[in-house]
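Q: please find the sequence and the predicted model below.
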Amino acid sequence: MISTIVIPLSDPRQDEDGIAEQAINCTHMLVENAGARILLVSVIDDEAERTERQAYLDHIAGTIGDAVDTVVEMGDPATQILAVAKRVENPLIMMASHGRHGALLRVLGSVAASVAAGADCPVMILPASPATQAPICTRIERVLLPINDAAIVELLIQTTLATLGHERAQRIEFHLLDVTPPIAPQPATVDGERFVDASEVPTHFLRRAAALIEQHGASVTWDLRIGDPAREISRIVAERQINLIVMPAHSRNGFNSLVPAIFAAQIRTTAPVPVLLVQMDTGPEAA
């Protein structure tokens, strides 16, 4: 389970809308992780800023409760955030991206992307809506797993349950989605099984992945679509009222390149939802 929720906070003078602070309001999504501490971290580039920044963190911490710690580091933001996360037990990094004035993609291309790429732990990115609206932080009941590799499903589901609470498995509906380009009819063999048409292969592994999730006591549905992955993911988020997207931070076939595209598509077409990025070589310990 998650022991520490690491929340990076920006210089409040550069974050006038308090978008970074919105991550704090979303920790209630993880209420089943009772006992998890919150660690507020802020990075400065000049030692002269330390006293003022520490006072800012102390003020924010005072609005949260007792289970909160603060730390101010100096240096490169992504590097320092990752270093802080490495020092705590079973961390989850939760950070809000900026959605105003086209800054979303810039943030994803810098600090958030660097943190997601370098983290040894799950990273939850909470995209802010256009203007200054807060990110959607509703109770998580419907989780989307966009996958193109059945081998990663077990780690995705384990990390999701470790993050949200294993006891919630029976109250969460998982939906598997694979988006594939049109496949010309041709024979195929996968795991020793022979298929008359290669287009049957995605359906085959979606069924296998669904069976793995059902073993955890959760309900699961699946969908195979043809088209642009980011667009189809955004559509299904709206259609099924998805509360959380869980996907690998890195994976084969360049699937992780979807992350900025998904956020961009959501910001244009529908309300964005949190995205939990899972490292494929590590994950939170099962509890």
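A: Received the coordinates, thanks.

Q: stretch 21-41 spans what distance, first to last residue?
A: End-to-end distance for stretch 21-41: 11 Å, by Cα to Cα, to the nearest Å.

Q: what about the strands in the stretch 151-287 of the chain?
A: For the stretch 151-287 of the chain, the strands defined by DSSP state E, counting those that start in this stretch cover 173-180, 188-190, 193-195, 219-226, 244-248, 275-278.

Q: and those: which comes nearest Q158?
A: Closest approach to Q158 among the strands of the stretch 151-287 of the chain (Cβ to Cβ): strand 275-278, 9.1 Å. Using the backbone N, CA and C atoms, a C-beta is placed for each residue, glycine as well.

Q: would you mind pulling the contact partners of that closest one?
A: With Cβ atoms under 8 Å, 6 or more residues apart in numbering as the test, strand 275-278 has contacts from 116, 119, 122-125, 127, 155-156, 159-160, 163, 244-249, 259, 262-263.

Q: relative to that strand, what are the paired strands and their orientations?
A: strand 123-127 (antiparallel), strand 244-248 (parallel) (DSSP bridges).

Q: any idea which helix is longest in the protein?
A: Using DSSP state H to define each element, the chain has its longest helix at helix 200-214.

Q: and the strands paired with strand 275-278 as JSON lines, adding distance to T51?
A: Below are these laid out as JSON lines (distance: least, Cβ to Cβ, whole Å):
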{"stretch": "strand 123-127", "distance to T51": "29"}
{"stretch": "strand 244-248", "distance to T51": "38"}
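
Q: quick one on the thing from earlier: out of the strands of the stretch 151-287 of the chain, nearest to P91?
A: With respect to P91, and counting by Cβ to Cβ, the nearest of the strands of the stretch 151-287 of the chain is strand 275-278 at 13.3 Å.

Q: and that closest one, which residues are buried?
A: With burial defined by 16 or more other Cβ atoms under 10 Å, the residues of strand 275-278 counted as buried are 275-278.

Q: would you confirm that S114 contacts A78?
A: Yes - between S114 and A78 there is a contact at 3.6 Å, judged by Cβ atoms under 8 Å.

Q: which one's more surrounded, these two?
A: A78 (20 against 17; other Cβ atoms under 10 Å).

Q: what's the pLDDT at that one?
A: At A78 the predicted local distance difference test score is 92.

Q: distance of it from A117?
A: Distance, A78 to A117, using Cβ to Cβ, to the nearest Å: 9 Å.

Q: low-confidence bits of the stretch 101-250 of the chain, can you list those?
A: Low-confidence segments of the stretch 101-250 of the chain (pLDDT under 70): 101-109, 128-138, 166-169, 181-202, 250.

Q: now with 50, please.
A: 101-109, 130-132, 196-198 (pLDDT under 50).

Q: quick one: closest of the strands paired with strand 275-278 to V179.
A: strand 244-248 (12.0 Å).

Q: just want the angle from the closest one to strand 173-180.
A: 50 degrees (axes from the mean of the first three to the mean of the last three Cα atoms, to 10 degrees).

Q: can you redo the strands of the stretch 151-287 of the chain as CSV with distance to A55?
A: Shown next, in CSV, are the strands of the stretch 151-287 of the chain (distance: least, Cβ to Cβ, whole Å):
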stretch, distance to A55
strand 173-180, 43
strand 188-190, 59
strand 193-195, 63
strand 219-226, 47
strand 244-248, 34
strand 275-278, 32
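
Q: which of these sits closest to N25?
A: strand 244-248 (15.6 Å).

Q: with only the CA atoms kept, save the closest one in PDB.
A: C-alpha atoms of strand 244-248 as PDB (Å, rounded to 0.1, in the frame of the first residue of the first chain):
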ATOM      1  CA  LEU A 244      -9.000   7.300 -13.400                       C
ATOM      2  CA  ILE A 245      -6.700   6.200 -16.300                       C
ATOM      3  CA  VAL A 246      -4.000   3.700 -15.300                       C
ATOM      4  CA  MET A 247      -1.200   3.100 -17.800                       C
ATOM      5  CA  PRO A 248       2.500   2.300 -18.000                       C
END
